[in-house]
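**Q** kindly generate the corresponding structure for this input.
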Amino acid sequence: MPIIDVPFPAHDDYGDDVHVVEHNDKKIILVGTAHISQESVTLVKKVIEQEHPDYVCLELDDKRYQALTQKKQWESLDLKTIIKNKQLSTLLVSLLMASYQKRLGGKLGVTPGAELLMAAQTAKNLQIPISLCDRDVRITLRRAWKSTSFFKKGYLLASLLASLFDKSEISEAKLKELKQKDVLTELMEEMGESLPDLKRVLIDERDLYLVEKIKSSPGKRIVAVVGAGHIAGMLRKFDSDNKHQISEVTVIPPVSRGYKIAGWTLPLLIIGSLGVIGAQKGASVAGENILFWILANGIPTSIGALLALAHPLTTLSAFASAPITSLTPVIGAGYVTAFIQVLTCPPVVKEFETAGEDIASFKGWWKNRLLRVFLVFILTGFGSAIGTWVGGYEIFKNLIS
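**A** Numbering: from 1, shown residues only. The predicted model follows:
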């Protein structure tokens, strides 16, 4: 049956941030919050205590819930596994966004996610079960990363970094505005229409996921606490059955066949060119080109490691691995050097906990050993890319000369 979005009676008026949705035999009370607003914290507690629902649904997945409720969540983070699974990029984006939220929350004197934590605590005090209704944050970030083109990935990272290093004061009007909206929505608005695929994954897909999880939660009277930026999209989705789409939005898109072919094209052309040079001009000329390839890849990649103040063994691994990793799309030099950096200079728990603050400081990237792993990953990867194109150009030039 269609949804009915009805206002509360006057004596139960919670304001414009609260909506009532009647769906089948359920009464769902949607509370739209700003993740850095004290007003949202107060509102969530008031609604749950007064409504005393059968269930409280939260815009959280298990990982984010553990991060909010457990102080030592970083101790379970296995960096080596993250690198092996090629998830460093998504971890970096997650840290950047968390730091952005924390910076704004600091301006308002509220810890990001405080209203979700209050909802969970209030439900626990009233012995009301909770349901974590958001999609796994790792799936969300990996889908977002996969959906973004190479150049737009750079734009995204640049935008996030720019927001971190922006030390300008936030006006009172802006602070008031931030109290009334979800921070993620604020980010999407700042980036405008340049990243539509990112908005689809971070906002639209999660609107659908949240609605279906809330509809399937037990109980006939439910309070659902979600970011204000999700409310409009969720209200449009309650009147349709989208269960069949859940499986579609919870998988990591595979690498396309075309991308795989493109990834192997350059390495095969370089190896083939070296073979042709050897056949036409002799082994010595081919050897000279191979040596140039090694130096062209190894030197800029190791310079990247030096600029990141990497461990000496990491720098050596940068020089040794770059000529090989540049000939395969399976793994990049950045992942190899990041793995060696973690083995030789592992971050301590305290550095995981302070990464959100250190990431907003230029010096913090070198001081914090977790952030230095990202520096190693980025700078050696950039150096390897330069080396691949310089080395490839020289080999192709010698092939046709």
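**Q** need the longest helix for the protein.
**A** In the chain, with assignment by DSSP state H, the single longest helix is helix 369-400.
**Q** mind giving me the domain split of this structure?
**A** Per automatic domain parsing, the structural domains of the chain span 4-250, 257-400.
**Q** where does this protein dip in pLDDT?
**A** Applying pLDDT under 70 to the chain flags residues 1-12, 35-36, 70-78, 93, 96-112, 150, 155-157, 159-195, 256, 349.
**Q** now the domains of the chain as JSON lines including mean neighbour count?
**A** To be clear about C-beta, it is placed using only N, CA and C from the backbone, and glycine gets the same treatment. Formatted as JSON lines, the domains of the chain follow (neighbours: other C-beta atoms under 10 Å):
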{"stretch": "domain 4-250", "mean neighbour count": "17"}
{"stretch": "domain 257-400", "mean neighbour count": "19"}
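**Q** what's whatever helix or strand residue 319 lives in in contact with?
**A** According to DSSP states H and E, residue 319 maps onto helix 312-325. Residues from elsewhere that reach helix 312-325 (C-beta atoms under 8 Å, 6 or more residues apart in numbering): 293-294, 297-302, 304-306, 310, 331-333, 336-337, 340-341, 344-345, 376, 380, 383-384, 387, 391.
**Q** how far off centre is that helix?
**A** 27 Å (C-alpha atoms, centre = their mean, to the nearest Å).
**Q** keeping just the C-alphas, turn it into CSV.
**A** Extracted C-alpha coordinates of helix 312-325, given in CSV (Å, rounded to 0.1, in the frame of the first residue of the first chain):
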residue,chain,number,x,y,z
PRO,A,312,65.4,2.2,3.9
LEU,A,313,64.2,-1.3,3.1
THR,A,314,61.0,0.3,1.7
THR,A,315,63.1,2.5,-0.5
LEU,A,316,65.1,-0.5,-1.7
SER,A,317,61.9,-2.4,-2.4
ALA,A,318,60.6,0.6,-4.4
PHE,A,319,63.6,0.4,-6.7
ALA,A,320,63.5,-3.4,-7.0
SER,A,321,59.7,-3.8,-7.5
ALA,A,322,58.8,-0.9,-9.8
PRO,A,323,60.3,-2.4,-13.0
ILE,A,324,58.4,-5.6,-12.4
THR,A,325,55.0,-4.2,-11.1
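**Q** next, the angle from that helix to helix 369-400.
**A** Taking axes from the mean of the first three to the mean of the last three C-alpha atoms, to 10 degrees, one finds helix 312-325 and helix 369-400 inclined to each other by 40 degrees.
**Q** right, and the helix or strand after helix 312-325?
**A** Next element after helix 312-325 (DSSP H and E): helix 333-344.
**Q** check which helices and strands the helix or strand following that next one sits against.
**A** Using DSSP H and E, the helix or strand that directly follows helix 333-344 along the chain is helix 349-358. Helices and strands touching helix 349-358, by 3 or more C-beta pairs under 8 Å, 6 or more residues apart in numbering; DSSP states H and E, are helix 88-108, helix 364-367, helix 369-400.
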